[in-house]
Structure formats: structure tokens, C-alpha cells
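Peer 1: sequence-free structure coming up:
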């Protein structure tokens with residue numbers, strides 16, 4: 001039980017406390033409930049950020065985090081319905097959306113796919129939590145009633161919008177008229193996730209370009225990028241450097257570096273990213289090197305150890321991951337994290353352009 005997962009569990013443990021605070025009557029009980037709700041809501045952002053920064057992303061955390069969010073919000077909304085503070089149909093809409101997306105994720109998992117949280121889904125969660133906090137506070141502060149009503153309306157809109165967005169993105173999973181073979185990624189193949197679309201949205205029109213250097217992911221990062229229409233605007237190319245010789249010959253990684261620290265290291269990941277950026281002349285380059293499993297291939301380093309680096313004209317940043325899934329899961333997680341790091345770095349590079357525009 002690492003820190004990110006502990007934060008996620010704390011949201012579940014907070015549910016009965018919040019329910020009691022909303023049902024009992026004592027001076028300031030609604031205010032205390034609202035404060036606790038906001039504080040525990042913030043753990044939703046904190047646990048994911050910590051998991052990515054510390055490299056402790058796990059299958060357990062990916063399963064538990066969205067489940068905790070749904071139970072946390074829905075349980076409080078149910079109490080608010082009982083207290084007459086929100087209409088029951090609103091809870092039905094929110095619950096129905098969550099149920100449909102949960103079923104969609106299950107269908108995707110059965111076909112070897114991973115549906116990660118989309119930007120609209122994260123916005124939906126923020127609007128829901130803001131609306132719930134205002135609904136709690138409208139009882140002691142009647143002046144907030146119209147503001148709470150507006151917040152609820154916005155939350156419902158984003159709830160429906162994000163649900164339709166998921167259904168449209170992954171409509172091929174549930175198309176009843178498709179009698180042909182189901183299109184599934186091979187074991188360890190590139191997952192169809194919204195991260196590639198988010199990266200495209202950041203890079204499109206920015207003038208920034210990207211290259212990849214991959215070892216353990218074997219081309220998955222490049223596949224996730226080029227899965228997006230119009231990716232030729234910003235994606236230049238990549239190298240799958242699986243062997244040490246390829247890392248040295250194709251990316252310019254120093255032989256001495258490979259001998260001293262090994263191919264799976266922070267230093268080699270950085271050298272791979274810098275080599276790819278130099279070879280393709282791009283604004284950004286991302287590199288992945290790791291031990292996907294199931295064996296460590298004769299090294300003393302643990303299975304799941306992965307290093308990702310992003311090189312830009314300004315700096316080279318890297319991250320260590322210790323993944324705990326099987327080979328396919330480790331490769332998918334590494335590719336997804338690589339895209340996430342590219343998005344973060346691209347936004348920092350593009351920010352000065354946005355300010356001057």
C-alpha cells in the first residue's frame with residue numbers, strides 16, 4: 001500500500017464520516033462536511049500526480065482510483081437527495097453515466113484494451129465535486145442556492161458530454177452492426193487511449209515536433225502518436241533500439257555508458273532521448289528503456305524497472321517507474337507514461353508562445 005493508493009483509500013474511508021456530518025445536526029456541521037469534502041476531493045488529483053512522479057502507478061491504483069471517485073461523489077449526492085437539497089433525477093443521470101462507462105471499460109478490458117481517463121472525464125469530476133460542495137453549503141448559506149443550481153447544471157452537462165465522448169471514441173467496441181472480426185490489439189500492442197489525442201491537441205498548430213526512441217515498448221509510443229489523424233504535422237519519426245548495438249549505432253549512446261550503468265538506467269534513457277532529438281532535428285524526443293518481464297534477461301535489476309526521458313532544447317527530464325504488472329501491462333503503462341511526459345513538456349515549451357500570442 002503506497003502513498004497514492006493510501007490517499008485513494010482515504011476517500012473511501014471518508015464516505016461514512018461525510019454521511020454522518022450531513023445527517024446529524026449541530027452548529028457548523030454542514031461547513032465541516034463541505035471542508036472535508038473539498039479536502040478529500042483534492043486527493044483525487046494528488047494521488048495520481050504522486051503515482052506518476054514516484055513511478056508507483058499500479059493496476060490496483062488504476063482500478064481503485066475511479067471506483068473511489070464514483071463512490072465518494074455518489075454517496076454524498078444520495079444523502080443530499082434524502083435531505084431535499086438536490087433532485088433525484090440528477091443522481092440518476094450521474095449514476096447512469098458512470099455505470100455505462102464502467103461497462104465500456106469492462107468490454108475493453110476483455111478485448112485487451114485499456115481505456116484511460118480522458119480530459120473531459122477529469123473535467124466532469126471537477127465540476128461534479130464543485131457542485132456537491134456548493135449543494136452542501138447552500139443549506140447554511142441560502143444566498144448560494146442560485147450558484148449551486150448553476151454549478152449542478154454545468155456538472156450535468158459535462159457528465160453527459162464526457163459520457164458521449166467516451167462512447168464515440170470507443171464506439172467500435174459496442175457496435176451491434178459490426179459482424180466482422182473484433183479489432184483487438186495483440187498482446188502488448190499499443191492501447192487506444194485518449195493520451196495520443198491529448199498530445200495531438202497540444203502539439204497541433206504549436207510548431208513543435210516530436211521523435212521517439214524506444215526499447216522495451218517496441219514502437220508502442222510511436223503507434224499511440226500516429227494513431228491520431230494529422231499526426232504527420234508534428235511527428236517526425238523514431239528508432240526502435242532494442243539492442244545495445246542499436247542504441248549505440250542509431251542513437252549515439254556512448255558504449256562506456258552502456259557498460260557502466262546498463263541499458264536500463266536514467267542516464268541511458270536521457271542519452272537515447274537526446275540522440276533521437278539530434279537525429280531527427282525535433283523540438284522534443286521521448287525515450288523508453290526498461291525490463292518488461294517476465295524475466296530480467298540476466299540482469300540484477302528488477303522486472304518492471306523502467307526509465308523514461310524527454311529531451312528538449314531547454315532540458316532533459318527523466319522519470320523512474322517500478323511497474324508491477326505482466327509484460328503486456330508494463331509495456332502499456334510505460335507507453336502511456338511516456339505520452340504523459342511529452343504532453344507536460346510540450347505545454348511548458350508552448351506556454352511562452354501562448355503568452356506572446
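Peer 2: Yep, it's here. Every value quoted in this text rests on a predicted model; they were computed, and no experiment measured them.
Peer 1: pLDDT-wise, which helix or strand of the protein ranks last?
Peer 2: Ranked by mean pLDDT, DSSP states H and E, the weakest helix or strand in the chain is helix 327-356, scoring a mean of 79.
Peer 1: Confirm that residue 236 sits in a helix.
Peer 2: No. Counting by DSSP: H, G, I helix; E, B strand; the rest coil, residue 236 is not part of a helix but strand.
Peer 1: what about it, how many neighbours?
Peer 2: 18 (other CB atoms under 10 Å). Where you see a C-beta, it was placed from the backbone N, CA and C, and this is true even at glycine.
Peer 1: That one touches residue 283, doesn't it?
Peer 2: No. If you go by CB atoms under 8 Å, residue 236 and residue 283 don't touch, sitting 9.4 Å apart.
Peer 1: Give me the common contacts of the two.
Peer 2: 209-210 (CB atoms under 8 Å, 6 or more residues apart in numbering).
Peer 1: In the least confident helix or strand of the chain, which residues are buried?
Peer 2: 327-343, 345-346, 349-350 (16 or more other CB atoms under 10 Å).
Peer 1: now stretch 145-162
Peer 2: Buried, per 16+ other CB under 10 Å, within stretch 145-162: 148, 151-152, 155-156, 158-159, 162.
Peer 1: and residue 285, which of the three is it?
Peer 2: Assignment for residue 285 (three-state DSSP): strand.
Peer 1: Against residue 315, how distant is it?
Peer 2: 12 Å (CB to CB, to the nearest Å).
Peer 1: Between the two, point out the one with more neighbours.
Peer 2: In this view residue 285 and residue 315 are compared by other CB under 10 Å, and residue 285 has more residues nearby, 30 against 9.
Peer 1: Check whether that one really touches residue 274, as I assumed.
Peer 2: Yes. Under the criterion of CB under 8 Å, residue 285 makes contact with residue 274 at 7.2 Å.
Peer 1: Can you check which residues contact both of the two?
Peer 2: residue 311.
Peer 1: The closest residue in space to residue 241 that isn't next to it in sequence in helix, strand or coil?
Peer 2: Spatially, and ignoring its direct neighbours in sequence, residue 241 is nearest to residue 247 (4.4 Å; CB to CB, 6 or more residues apart in numbering). Secondary structure, three-state DSSP: residue 247 is helix.
Peer 1: and residue 247, what does it touch?
Peer 2: 215, 241, 253, 258, 263, 268, 271-272.
Peer 1: Could you dump those into a markdown table and include secondary structure and pLDDT?
Peer 2: A markdown table is the format used below for the contacts of residue 247 (DSSP: H, G, I helix; E, B strand; the rest coil; pLDDT from 0 to 100):
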| residue | secondary structure | pLDDT |
| --- | --- | --- |
| 215 | coil | 94 |
| 241 | coil | 93 |
| 253 | coil | 93 |
| 258 | helix | 91 |
| 263 | coil | 92 |
| 268 | helix | 94 |
| 271 | helix | 94 |
| 272 | helix | 95 |
